[in-house]
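Novice: Sharing a sequence plus its predicted fold:
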2 protein chains.
Amino acid sequence: MQIEKPYLMFIGDVADQLAAKTAAGIVDWRRDWCVGQLRLPGCKADLGLEDIDIAEGKRRGARTMVVGVVNAGGVLPEHWIRSIVEALDAGLDIASGLHKRLEDVPEIAAAAERNGRTLHNVRLPSQTFATGQGTKRTGLRLLTVGTDCSVGKKYTALALEKEMRAQGLDADFQATGQTGIFISGRGVAVDAVVADFISGAAEWLSPDADPQHWDVIEGQGSLFHPSFAGVTLGLLHGAQPDAFVVCHEPTRTTMRGVPARLPTIRQVIDATVACGRLTNPRIQCVGIAVNTQALDEAAARACLAEIAETEGLPTTDPVRFGVAEIVKHVKVLYE
Amino acid sequence: MQIEKPYLMFIGDVADQLAAKTAAGIVDWRRDWCVGQLRLPGCKADLGLEDIDIAEGKRRGARTMVVGVVNAGGVLPEHWIRSIVEALDAGLDIASGLHKRLEDVPEIAAAAERNGRTLHNVRLPSQTFATGQGTKRTGLRLLTVGTDCSVGKKYTALALEKEMRAQGLDADFQATGQTGIFISGRGVAVDAVVADFISGAAEWLSPDADPQHWDVIEGQGSLFHPSFAGVTLGLLHGAQPDAFVVCHEPTRTTMRGVPARLPTIRQVIDATVACGRLTNPRIQCVGIAVNTQALDEAAARACLAEIAETEGLPTTDPVRFGVAEIVKHVKVLYE
C-alpha cells in the first residue's frame, strides 16, 4: 500500500474534534502534504487548514483525498459518498480510515472503476503476507513498546524519526496503525492482519536495508495487555528490533479498557528482552518516553528524573522535551 | 459454529492418504459420528469406513457432509462441486476444511440457499468476536502448549478429555484448529481470526462454567516459534488456564519450517507461567506429553524417565502409554 501525496483532507460534518483525530495527526506530522481541508456544512472539527473544494484541491496538486474521520455508528453517510465520488471523478484516489470497505459502496466502486483510481482502506490490509521466518535481516531497527495501549508509541516513533534525521542518521518511520500509515504514506495495520501472519507482516514492513539504516517501527498494544499482547508479541518477533524505547503514562492505574494492573517499566523491559531475544539476541532498551501530559512541569521533571535514576536510561517526555537525549544515546551505542 | 452430527465423510479423489489427514483424524476420535465415506473414482485414500453414496448416507441419518481433505493447489474441482451440490439437495449441511469459502462457488451458494442448508468453512471464522477482557471466568481450564508446532497438542488434549471423563471428571475438549473443530462439532480456528481478537476468541471458546468443569483447550504454535508466537500468546491469555501440559518431540533439532533452535521443556514451562500469570496467577504445569514416535520402546521409556526426573512432573507419550498419570496428578491437585 503506497498512498500518493499530497492529500486533500476530507472531514465531512463530524460532530467534534475527536472524530477527526486521525486527520489532525496527519496535519501535525505532515502539514506539507496537506493542500487544504474539505468540510461539509455543520462540521464541528477544524484541522487549521484552508477550506477548499475538490476542484481547488486538484488545482493545488492533491493526488489523494483522505477520509481521516470516524462517524457515529461506523456508517458512511450518503452526503459523504457524494463527495467521495466527486473526488474520484476529479481524478483523485481515496484513502479511508473507516471500518467500512470503500469498494463495498457500489457508487464508490463504480466511480473508482470508471476513473481508474485506487481505493485505500488503511484499516483493512488488502495484501496477503507470508508467515514470519525469524531470519535476521540487515539494517538496524528500533521499536516503540508500551506499558499499555495509547501511551504515545506512535508519537514517540515519529519524534525519533525526526530527531534521528536531524542528528544525521538514516531513519524511516514504519507505520503499523492507520494514522501512522497516512503519515508515512505506507505501512500495515497489524491489528487487522489474520493472526497467523502478524510476524510475517512485520517482517514485510522492514525488509533488508543498509547496515546503518534505521527502521523506526511504531509499536502496538502491550505485552501486558490481556486483549492485545498477541499482536504485540508477533510484532516484536517480526520487527526483530536491535533497540527499543518503552513508552509510559505515569498517572494511569489500570490498563486501558480492562481491569488489569499496569506493569512497571522494568517488567516491560525484562519481558521485551526475554521475548525479543528469539529473533534478535542483541535486543536492548535505549530509552524511556513518558507521557507527562497530566502533570505540571515540576512534577513532570521530577517523574522523569526518578525513572532515569531507577532505570539508568535516557528518559524524556517527547512532546515536552524532545527525544534528543535518546538519539544521542543511540548514536553512542551503534556508531 | 455448531456442526450437526452424524457425518458423511467426503474425500473426493485425493491422491494420497496425507491429503485426507483431517478426515482420518475425525475417524480416529469420533468413528461413531461417521456413517460412511464417499469416495470418487481414483481416490487413493481410505478412512476405513464403508463406501456409501449420498442417498445411503442420508438413510443412515447423516446431517452434514464433511469435506475433510485438501486438494493440490487449493482449488475445488468441478466434480467435487457436483457431489457437494447433490448432498445439499439431499438435505445435508456441508462442513469444509478447504481454504476456499464454499459460498464463493455460485452453484454451491445457490444449492444451500434453495435447500435452506448451512455451509461451514471451519478454517474461516464467520463470526465476529469481542476483544479479550482478561477477567477471570469460573470453571477450570487446561491448555496444551508446545516446544514447537505439530508436536501433538491436539492429540494430547483429546486424550486428556477422554481420560478425564474415564476418571470421573467433567471435561470438554475445546477446538482451536480445523481438525479439532470437526472432532468436537464446534470451536474456532484461532490462527484465522483477525489479530486484535485472538484472546477474545479464546475467551468466547471457554466461557464461565461450573466450578469443577474442565475445558481442555487445544493449543496452537509455540511461544518460541517466530512465525506463530503471537497466536500462542493471545490464546494463552484468553484461555487463562489453571493447568497446562507441555507437548514435545525429542528428536527435532530446529523449529518446524524455520531455522530456529528448539527451546527446552523448562524454558517453555517458565515462559508459559510468566506470560499466563497475567490472566491467571494460579497457572501451573501439570504434566509433559512427549511424542516418541521416532524412538524404539526402550529409548522412549528412557527419554520419558529422564524428563520426568528432571522436571519432577508426570511425563508420558499419550499415544504409547496414555495420559492416566497426568490426570491422576490433576485430580490430586484440584479435588
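Specialist: Looks like it arrived, so ask away.
Novice: which ones are touching the residue nearest the centre of chain A?
Specialist: The central residue of chain A, meaning the one whose C-alpha is nearest the mean C-alpha position (C-alpha atoms, centre = their mean), is A:Gly180 at 2.8 Å. Residues in contact with A:Gly180 (C-beta atoms under 8 Å, 6 or more residues apart in numbering or on different chains) are A:Lys154, A:Ala157, A:Leu158, A:Phe173, A:Gly187, A:Glu218. All C-beta atoms are positioned from the backbone trio N, CA, C, and that covers glycine.
Novice: and the two most separated of these?
Specialist: Of all pairs drawn from those, the greatest distance, 12.1 Å, lies between A:Leu158 and A:Gly187 (C-beta to C-beta).
Novice: Overlap in contacts, those two.
Specialist: Counting by C-beta under 8 Å, 6+ apart, the shared contacts of A:Leu158 and A:Gly187 are A:Gly180, A:Glu218.
Novice: three-state assignment of the residue of chain A most remote from its centre?
Specialist: Distance from the centre of chain A peaks at A:Arg114, with 32.2 Å (C-alpha atoms, centre = their mean). Using DSSP: H, G, I helix; E, B strand; the rest coil, the structure places A:Arg114 in helix.
Novice: and it, how far is that from chain B?
Specialist: As judged by C-beta to the nearest C-beta, to the nearest Å, A:Arg114 and chain B stand 26 Å apart.
Novice: any idea how far that residue lies from B:Gln267?
Specialist: To B:Gln267, A:Arg114 is 58 Å away according to C-beta to C-beta, to the nearest Å.
Novice: Also A:Arg266?
Specialist: From A:Arg266 to B:Gln267 the distance is 21 Å (C-beta to C-beta).
Novice: for A:Gly36, same thing?
Specialist: The span separating A:Gly36 from B:Gln267 equals 56 Å under the rule C-beta to C-beta.
Novice: more crowded one of the two?
Specialist: In this view A:Gly36 and B:Gln267 are compared by other C-beta atoms under 10 Å in any protein chain shown, and A:Gly36 has more residues nearby, 19 against 14.
Novice: which element is the more buried one on?
Specialist: According to DSSP states H and E, A:Gly36 maps onto strand A:34-39.
Novice: Identify the residues contacting that strand?
Specialist: The list of residues contacting strand A:34-39 from outside it, by C-beta under 8 Å, 6+ apart, reads A:6-13, A:23, A:26-27, A:45-47, A:49-54, A:56-57, A:60-62, A:65, A:83.
Novice: Alpha carbons of it, in PDB - could you do that?
Specialist: The C-alpha trace of strand A:34-39 is given here as PDB (Å, rounded to 0.1, in the frame of the first residue of the first chain):
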ATOM      1  CA  CYS A  34      -1.900  18.600   3.100                       C
ATOM      2  CA  VAL A  35      -3.200  21.100   0.400                       C
ATOM      3  CA  GLY A  36      -6.300  22.000   2.300                       C
ATOM      4  CA  GLN A  37      -9.400  20.700   4.200                       C
ATOM      5  CA  LEU A  38     -12.800  19.900   2.800                       C
ATOM      6  CA  ARG A  39     -15.600  20.300   5.300                       C
END
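Novice: Following element in sequence after it, please.
Specialist: Past strand A:34-39, further along toward the C-terminus, the next helix or strand under DSSP H and E is helix A:54-59.
Novice: residues touching the nearest residue to A:Ala111 once chain neighbours are set aside, list them.
Specialist: In space, not counting the residues next to it along the chain, A:Ala111 is nearest to A:Leu88; the distance is 4.0 Å by C-beta to C-beta, 6 or more residues apart in numbering or on different chains. The contact partners of A:Leu88, by C-beta under 8 Å, 6+ apart, come to A:Ile94, A:Ile108, A:Ala111, A:Ala112, A:Asn115, A:Arg117.
Novice: need the strands for chain A, in chain order.
Specialist: Under the criterion DSSP state E, strands of chain A are mapped to A:7-12, A:34-39, A:64-67, A:93-96, A:119-121, A:140-146, A:170-174, A:213-217, A:243-248, A:284-290, A:315-316.
Novice: Near chain B, which residues of chain A are found?
Specialist: When proximity is defined by C-beta under 8 Å from any C-beta of the partner chain, chain A lies next to chain B at A:131-135, A:190-196, A:198-200, A:224, A:226-235, A:237-238, A:257-260, A:271, A:274-275, A:278-279.
Novice: do that again at 7 Å, thanks
Specialist: By the rule C-beta under 7 Å from any C-beta of the partner chain, the part of chain A lying against chain B is A:131-135, A:190-196, A:198-200, A:224, A:226-231, A:233-234, A:237, A:258-260, A:278-279.
Novice: And the residues you listed, which of them are buried?
Specialist: Among the residues of chain A next to chain B, those classed as buried by 16 or more other C-beta atoms under 10 Å in any protein chain shown are A:131-134, A:190-196, A:198-200, A:224, A:226-231, A:233-234, A:237, A:258, A:260, A:278-279.
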